[in-house]
Structure formats: structure tokens, C-alpha cells
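In: Okay, structure incoming, though there's no sequence with it:
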């Protein structure tokens, strides 16, 4: 912990007051929704990409403990996300390697969904350790969402996406974010949320199909 500026804080929330916290933020996606409709693209892979691009900008959102409980962060993270099997109404948790190029990631994500949305819990083999979790509840436009986790050594963020809402001509996506306090303070959460909002508002920066 000693070389890490937040080493004292991380040790406190790992060993003395084990603590996770969550926040639910409305993200305006008016431009993104219109662009997806224009190009006939699916929303979920684009939502996953948006989160993955932001996650990979911040080391606090890529932190883990190794087998010796030494603190570090991954060079990059890929998303592991849930997809519904309509035949069984159960979900599969699958992952797609992150690619900074949106078009490349989108194609790979759609292919993985079509191949692995079988209803089996984890249908892929050899799931890497450097993945973060995303799920979607597109039937519920929640304003708050909390996962009842027992705080442990899992430091990576967990995201839950809800049903879109419309207000004054703008489309908002509810985004629930669960983080471990050992990795992220409120300042880091704020930085991340600002980046997600910025990416959603400036799609010309990355939305190339």
C-alpha cells in the first residue's frame, strides 16, 4: 500500500470498515439513441462500450487485489455482461474483449450475444480475471438501485442499466454504479460519471460505424 497515495484509505476500507456504496445517475443519451436508430444498431452493445471506454480511463475503476492481497490495477478491463435467453427467460453472463474502436467492439459484442445467449449461466470457457460486470433491466425505469453485496475483496465496479425515460424531449438512461470504497472515493465516482456524460454528449468522438 505504501507507494499508493490512497494506501491508508484503501487499507481502512479493506480491513477495518469494509464498505461498498452505490449511486444511481441519469445519463442523457438523446444523441446516441438517435444515432443508433439512424444506423439500425442495437442499444445494449453501445451502452456496454460507453461504460467500458470510461472504465478504462480511470485506474481507480480497474483496481484489484492479487492472490497475496497486494493492491494493483489492470492495464485494461473488458466487460462481462448479462444477456437474456427469450426461450427460458434466464440470463447468461458473457464477456467480449474491449476494443477502443467502437465498430470493432460492436461487431464482436453482437456476435458473442448471438452465439452465447443460451440461458446457461456462464457459457464461455476461460473467462479472464480482468473483467467488470454490467447488467441491464430494460423493463424498469428505476431512480435507485442497490446490490446487497457483502463487502469483500472484489474492488471492480458493477453497473446496472435501466429503462429509458423521456423528459422535455431528452432521453435519459438510469445508470446504477456499485463500487468498493477501498478503490473509489466520491471524487473518483464524480470523475467517472462526468466522463460517461461527456462521452454520451460527444458521440462524434467515438461513434464511427
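Out: Received the coordinates, thanks. The shown structure was predicted, so the numbers you read here are calculated from the model rather than taken from an experiment.
In: Okay, helices next: where are they in this protein?
Out: Using DSSP state H, the helices assigned to the chain run over residues 7-11, 30-39, 43-55, 102-116, 186-201.
In: how about those, which one is nearest residue 135?
Out: Shortest distance between residue 135 and the helices of the chain, using CB to CB, is found for helix 43-55: 10.3 Å. Placement of C-beta: from N, CA and C, glycine included.
In: Run through who's touching that closest one.
Out: Residues from elsewhere that reach helix 43-55, judged by CB atoms under 8 Å, 6 or more residues apart in numbering: 32-33, 36, 61-62, 77-79, 81, 83, 96, 98, 100, 102, 105-106, 109-110, 113, 132, 134, 136, 157, 159, 161, 173, 175, 192, 195-196, 199-200, 206-207.
In: Buried residues in it, which are they?
Out: 43-55 (16 or more other CB atoms under 10 Å).
In: cool, stretch 153-168 as well?
Out: 154-162, 164.
In: Redo the residues you listed as a markdown table? Include distance to residue 16 and pLDDT.
Out: Formatted as a markdown table, these follow (distance: CB to CB, whole Å; pLDDT from 0 to 100):
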| residue | distance to residue 16 | pLDDT |
| --- | --- | --- |
| 154 | 18 | 94 |
| 155 | 16 | 96 |
| 156 | 21 | 97 |
| 157 | 22 | 98 |
| 158 | 23 | 98 |
| 159 | 27 | 98 |
| 160 | 28 | 98 |
| 161 | 33 | 98 |
| 162 | 34 | 98 |
| 164 | 41 | 97 |
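In: So which elements touch the longest strand seen in the chain?
Out: Scanning the chain for the strand with the most residues, using DSSP state E, yields strand 170-180. With contacts defined as 3 or more CB pairs under 8 Å, 6 or more residues apart in numbering; DSSP states H and E, strand 170-180 has these neighbours: strand 20-28, helix 30-39, strand 158-162, strand 165-167, helix 186-201.
In: Identify the spatial nearest neighbour of residue 55, chain neighbours not counted.
Out: Closest residue in space to residue 55, ignoring its immediate chain neighbours: residue 61 at 4.7 Å, by CB to CB, 6 or more residues apart in numbering.
In: So that neighbour is in contact with residue 158, correct?
Out: No. Using CB atoms under 8 Å, residue 61 is not in contact with residue 158, being 10.8 Å away.
In: Overlap of the contact sets of those two?
Out: 132, 179.
In: where in the protein is pLDDT low?
Out: Residue ranges of the chain with pLDDT under 70: 1-2.
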